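Asks: give me a 3D structure for the following:
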Amino acid sequence: MRIVGGELGGRPLRAPRGAATRPTADRVKEAMFNILGLPPPGARALDLYAGSGALGLEALSRGCVEAVFVEQARPALAALRKNIDSLGVEGRARVVESDAIRAVERLAREGDRFDWIFVDPPYAAGEMERALGAVSAVCRHGSTVVAEHDRRRSPAHAARKLMLRDQRRYGDTCVSFYGLEAA
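Replies: Next comes the predicted model:
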């Protein structure tokens, strides 16, 4: 695992021990960020179910000014914190140790809004629909929500205020891109 592009491109990332976390493959991550392009000025990223933090750290490498990482599993948190330290991005990263849905609800109450939101729950957890519904509360106009999922379990085309904009398949992995519905 590594950062695939941007100012930190090529730097290695640690993965949590055990099989509880499924890292995003480098080729999927590279394709995902090529589709996203450059972040808007002052962009903030939210990495839900962060695991090692690979998606949020990639967002920082490519120009986001801040990333918030939400994770609750201890082995993943340890790897995430080591990755943040080894990349020297402590001042631009915030780790929230919490259940993803509760964290999003708290972030929304506190007025946090994000431009790029990555949603990558464990495939078998069945949390994608709830997570997509929750993250619409922390989107701003022009936000993109990126949902990584198993090709056999595609999320809905709409979730609260989010509408599916694009979907790509990479082997057994699919990536769905959502945006806020037009007002």
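Asks: any idea how far residue 44 lies from residue 72?
Replies: Distance of residue 44 to residue 72, computed by Cβ to Cβ, to the nearest Å: 21 Å. Every residue, glycine included, has its C-beta placed from N, CA and C.
Asks: more neighbours: which of the two?
Replies: residue 44 (23 against 15; other Cβ atoms under 10 Å).
Asks: who touches that one in this structure?
Replies: Residues near residue 44 by Cβ atoms under 8 Å, 6 or more residues apart in numbering: 64-68, 112-116.
Asks: one more pass at 10 Å, please.
Replies: Shown in contact with residue 44 (Cβ atoms under 10 Å, 6 or more residues apart in numbering): 59, 64-68, 92, 94, 112-117, 138, 140, 143.
Asks: kindly report the same for residue 52.
Replies: Residue 52 sits next to 1, 13-16, 21, 23-24, 69, 71, 75-80, 82-83 when contact means Cβ under 10 Å, 6+ apart.
Asks: show the buried residues in those.
Replies: 1, 13-16, 21, 23-24, 69, 71, 75-77, 79-80, 83 (16 or more other Cβ atoms under 10 Å).
Asks: among these, which lie within strands?
Replies: 69, 71 (DSSP state E).
Asks: what is the nearest of the buried ones among the contacts of residue 52 to residue 128?
Replies: residue 24 (15.0 Å; Cβ to Cβ).
Asks: my guess is the closest one contacts residue 173, does it?
Replies: Yes - shown here, residue 24 and residue 173 form a contact pair, counting by Cβ atoms under 10 Å, at 7.9 Å.
Asks: overlap in contacts, the two.
Replies: Overlap of the contact sets of residue 24 and residue 173 (by Cβ under 10 Å, 6+ apart) consists of 32, 120, 148.
Asks: take these and keep only those in helices.
Replies: Those of the shared contacts of residue 24 and residue 173 mapping onto helices are residue 32, per DSSP state H.
Asks: neighbour-wise, give me the winner out of the shared contacts of residue 24 and residue 173.
Replies: The most neighbours, when the shared contacts of residue 24 and residue 173 are compared by other Cβ under 10 Å, belong to residue 120, which has 25 neighbours.
Asks: you'd agree it is up against residue 131?
Replies: Yes - taking Cβ under 10 Å as the definition, residue 120 is a contact partner of residue 131 at 9.2 Å.
Asks: no more questions from me, cheers.
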